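Q: Attaching a predicted model along with its sequence, questions to come.
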Amino acid sequence: MTDDSRTWGRTVARVLVAPIVLPHELAHAAIAVLLGLDPVIRILPQWSGTAVPLGQFNAEIDTSTPTWAIQAVAAAPLPVYLSVAALTGIFMSVDTAAILPVILLLSFSASLSVGDIAIINNPAEAREAGAFVVQDSTWQNITVITTPITTAVIAILLIL
């Protein structure tokens, strides 16, 4: 495979993945901007770890960045998309054919990734690294529980 075909394939993959991944990453970025940080978002970033992320949010942080700010940015997709679901539920009819795709998109966007949970659990390590990157955490496995709960809450907010 040539470098040109790899580059082309990676570009096509990014275009296909971006509409799914970007809303989650934009929630991180929106809160980061509100807190005075300069966000960077990458789709299908180069990564050397156990799991390959579809998207990556990052921002430079320093020793003066408060713990609560680091945790708020890491947790941002959950409250942002729960709010979107609540507002959407007011205006969307339950019997519409779009309800299932909307539930899936909002749930995916709202669900915290293993990286998000690791940063929420260990903001001091992120601060020391100067970025929203930390080592794996034993808490990251909690996504097995939190993702279905997030999906159920999104569905309830849309249906009520």
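A: Here it is on my side, so go on.

Q: what about Val133, which helix or strand?
A: Following DSSP states H and E, one finds Val133 outside all helices and strands.

Q: let's number from 567 now, not from 1
A: Renumbered: residue one is now 567, and that last one reads Val699.

Q: Grab the most central residue of this protein for me.
A: With distances taken as Cα atoms, centre = their mean, the residue of the chain nearest its centroid is His590 (3.7 Å).

Q: Please name the residues that touch Leu620.
A: Neighbouring residues of Leu620 by Cβ atoms under 8 Å, 6 or more residues apart in numbering: 583, 586-587, 609-610. For every residue, glycine as well, the C-beta is placed using N, CA and C.

Q: per-residue confidence at it?
A: Model confidence at Leu620, expressed as pLDDT, equals 82.

Q: cool, and the one 10 residues further on?
A: pLDDT, Ser630: 93.

Q: isn't there a helix covering it?
A: No. Note on Ser630: no helix contains this position according to DSSP: H, G, I helix; E, B strand; the rest coil, which reports coil.

Q: And it, its phi and psi?
A: In this entry, Ser630 is assigned phi and psi values of phi -90, psi -10 (degrees, to the nearest 10).

Q: To what extent is Gly575 buried, counted in neighbours?
A: For Gly575, the neighbour count with other Cβ atoms under 10 Å is 11.

Q: how about the strands of the chain, start to end?
A: 605-609, 621-625 (DSSP state E).

Q: For Thr704, find the nearest of those strands.
A: Between Thr704 and the strands of the chain, the tightest spacing by Cβ to Cβ is seen for strand 621-625, at 21.6 Å.

Q: Mind listing the strands the closest one pairs with, and their directions?
A: Take DSSP bridges as the rule and strand 621-625 pairs in its sheet with strand 605-609 (antiparallel).

Q: so the lowest-mean-pLDDT helix or strand in the chain versus strand 605-609, what angle?
A: Of the helices and strands making up the chain, the lowest-confidence element is helix 569-600, at a mean of 83, by mean pLDDT, DSSP states H and E. Relative orientation of helix 569-600 versus strand 605-609 (axes from the mean of the first three to the mean of the last three Cα atoms, to 10 degrees): 150 degrees.
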